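In: need the 3D shape of this:
(2 chains)
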Amino acid sequence: MIRYIARRVGQGLLALFALESLTFFLVRALPGNPFLGERKLPEHVLAQLNSLYGLDAGMGEQFWRYWKAILLHGDFGPSLVREGVQVSEIIAQAFPVSLELGCLAMLLAIVAGIPVGMLAAWRRNTRTDALLMFCAVAGICIPSFVLAPVLGITLGAHVPGLSVAGWDNPLCVLLPAVALGAVNAAYVARLTRAGMVEALSSDFVRTARAKGAGPGRILWVHALRIGLLPAVSYLGPAFAALITGSFVVESCFQVPGLGLHFVNATTDRDYFLIQGLVFCYGVLIVAANLAVDICQAWLNPRLRS
Amino acid sequence: MNSAAPKLHGHSLLQDALQRLLRNRVAVYSAVFLALMALACFVLPLFACIPNPNLTDLDHIAAASSLKHWLGTDHLGRDMLARVLYGGRISLLVGLLATAVAVAVGVTYGMISGYVGGRTDAVMMRIVDVLFALPFIVVVVVLSLSIEDPCRQITASVVQLTGWSHDAVAPILGLLPVFLAIGALGWLTLARIVRTQTFVLREQEFVLAARSLGLSHFTILFRHIAPNLLGPVIVYTTLAVPGIILTESTLSFIGLGVKAPNSSWGTLIKEGADRMEVAPELLIYPAAFFCLTLLALNSLGDGLRDAFDPRSVKD
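Out: Now for the predicted structure:
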């Protein structure tokens, strides 16, 4: 098991390196540069800026310097667009916001999705099942950019405590979390149902039944372990994506999270910021996939060998 | 089975699946709905009853539904029905074209990876893993930004070569960055599915038989293995279209996708959301068309999956 985890960590680090290197060259291949503002800068100012940020060196040299700074000093460099601000400062400021929002959305997806999926599987091919699964498909089909404004105008504007936009009181997180979590809850419900249906018709459940286990025990103890596998493998990467923020939801509700930076940094050609953000995201994705693997081995004894 | 029967009618896998699909009422309704929606978006605007979506009727600004404007008009006096239908045209077109790109790339990549196997397979699948770990939004933004200039040049040269007017060519070619960018990432899941499937297929006897007949790898891959992949590919494609339409709309919502004066459902929903307090129906109409289409696509995809999955016969 330890060897297995060590190998997966190694693969993850390699993937992270490849990811970050790919991003490095991808963003530099973009047309334009970070210093294109409203005013066109004179040639010598541009040259000065390029040399200040080390962008005048060769690609290989820049690449080497970038990795050296990260590995030796944990330094992601300065933002090229917001003067005098470090990339790490931007991330440290925005990440807690997205983390809070993402965790709540994730909680919602789990708390709403898994029981719904279990109930639908338990009452398979009945009206309850059909109704629940119709709601789940409908949930997938109402994207966050429709749900967010509708929630804002119907609940946010009228229910006291909730707000249409902003991030200034503790209840602010509720509506964006619902907008973000609803789609995921729908996916989780569908995956849980599929997994549970499969598990409930498998041999080991029949054995358990033959040995006299009650329906409650079969559902919660025997089938649930295996039935959760598809939902777990979805939830890992989804969690990484949720806590790094969503551009749509954050811009609809004016939440100062990470999601906005992903798009703005790219359109602004803020090379160092994009790289820092992708690095964060990559670390989370790799960690989430690792967590999924470990979770699955724990849930499914057949995977442990 | 009656052995005295003079003629036995075999059923191919596809026929079986089609029969099962036709018995699924939800899937059939969805297919009918989608056909009607496609007709409405692509054929209806050809008739005079639908005005030009960019035409401003200054006598009826922000009007409610009426005989002249079935779904009313927006704040500039543009007919909402026309806007929604033309928007649907773009959304459906981008959805289909981008899916075609994604399917072509994904199937080829997955087949090669699964068929060759060994170290090539390992490397190809690690590449997919890395691309999977890239934040989707960053890739799409980077791609659509970097394809923009080449696309403009292509438009210019097409205009020069064919002599067509710029206004006729630009809207269609202007969509190129959007669907290339979406298609370029949409193939990842399909590549994984196809690769696993090919991996199983290449060990089967019929591949061995084909090989011992001396057929080339190319023939084996495309004539013998590819048809067996049809089921999963059809199912995945149907389920991918709504996802891709959603991505296009998200991009347009953000302001990176379809550019004015073109509009897709995403841009319409964005405009509706901005003016929601004043005129909620500007959000409701495009959102309803959009969500219902996605719902039908997903239901059809689910129906297809059940029809193609032999295990579903059991239930």
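In: buried set for the helix ranked longest in chain A?
Out: Longest helix of chain A, by residue count under DSSP state H: helix A:87-122. Of the residues in helix A:87-122, A:87-88, A:90-91, A:94-95, A:97-102, A:104-106, A:108-110, A:112-114, A:116-122 count as buried by neighbour count, 16 or more other CB atoms under 10 Å in any protein chain shown. Placement of C-beta: from N, CA and C, glycine included.
In: kindly report the same for stretch B:64-82.
Out: B:69, B:71-74, B:77-82.
In: out of those, which touch chain A?
Out: With CB under 8 Å from any CB of the partner chain as the criterion, the buried residues of stretch B:64-82 include none near chain A.
In: could I get those as a markdown table with pLDDT and secondary structure?
Out: A markdown table is the format used below for these (pLDDT from 0 to 100; DSSP: H, G, I helix; E, B strand; the rest coil):
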| residue | pLDDT | secondary structure |
| --- | --- | --- |
| B:His69 | 69 | coil |
| B:Leu71 | 74 | coil |
| B:Gly72 | 75 | coil |
| B:Thr73 | 77 | strand |
| B:Asp74 | 75 | coil |
| B:Gly77 | 72 | coil |
| B:Arg78 | 80 | coil |
| B:Asp79 | 80 | strand |
| B:Met80 | 81 | helix |
| B:Leu81 | 84 | helix |
| B:Ala82 | 83 | helix |
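In: what angle do whatever helix or strand comes next after the longest helix of chain A and helix A:87-122 make?
Out: Following helix A:87-122 in sequence order, the next helix or strand is helix A:127-141 (DSSP states H and E). Between the axes of helix A:127-141 and helix A:87-122, defined by axes from the mean of the first three to the mean of the last three CA atoms, to 10 degrees, the angle is 160 degrees.
In: so for residue 42, what's the pLDDT?
Out: As the question left the chain open, I've gone with chain A. Note for A:Pro42: predicted pLDDT of 80.
In: chain B is the one I meant
Out: For B:Phe42, the predicted pLDDT is 86.
In: tell me which element the residue lying closest to it once chain neighbours are set aside falls in.
Out: Once flanking residues are discounted, B:Phe42 sits nearest to B:Arg89: 6.1 Å by CB to CB, 6 or more residues apart in numbering or on different chains. Element membership for B:Arg89, per DSSP H and E: helix B:80-116.
In: in CSV, list the buried residues of stretch B:64-82 along with distance to A:Leu52.
Out: CSV is the format used below for the buried residues of stretch B:64-82 (distance: CB to CB, whole Å):
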residue, distance to A:Leu52
B:His69, 57
B:Leu71, 55
B:Gly72, 55
B:Thr73, 53
B:Asp74, 48
B:Gly77, 52
B:Arg78, 49
B:Asp79, 54
B:Met80, 52
B:Leu81, 55
B:Ala82, 53
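In: now, which of these sits nearest A:His261?
Out: B:Asp74 (32.4 Å; CB to CB).
In: would you mind measuring from the closest one to chain A?
Out: 16 Å (CB to the nearest CB, to the nearest Å).
In: show me the contacts for the closest residue to that residue other than its chain neighbours.
Out: Leaving aside its sequence neighbours, B:Asp74 sits nearest to B:Leu282 (CB to CB, 6+ apart; 5.7 Å). The contact partners of B:Leu282, by CB atoms under 8 Å, 6 or more residues apart in numbering or on different chains, come to B:74-75, B:80, B:268, B:271-272, B:275-276.
In: so which of the residues you listed are in strands?
Out: Within the contacts of B:Leu282, no residue falls in strands by DSSP state E.
In: hmm, the residue nearest to B:Phe42 is touching B:Ala40, no?
Out: No. Between B:Arg89 and B:Ala40 there is no contact under CB atoms under 8 Å: 9.6 Å.
In: picking that back up, go through the contacts of B:Leu282 and name the one nearest chain A.
Out: B:Met276 (5.2 Å; CB to the nearest CB).
In: just the pLDDT at the closest one, thanks.
Out: So, for B:Met276, pLDDT stands at 78.
In: equivalent analysis for B:Gly110, please.
Out: pLDDT, read off for B:Gly110, is 93.
In: what about it, how many residues nearby?
Out: Neighbourhood size, B:Gly110 [other CB atoms under 10 Å in any protein chain shown]: 28.
In: who touches it in this structure?
Out: Going by CB under 8 Å, 6+ apart, B:Gly110 touches B:190-195, B:197-198.
In: let's see 7 Å
Out: B:190-195, B:198 (CB atoms under 7 Å, 6 or more residues apart in numbering or on different chains).
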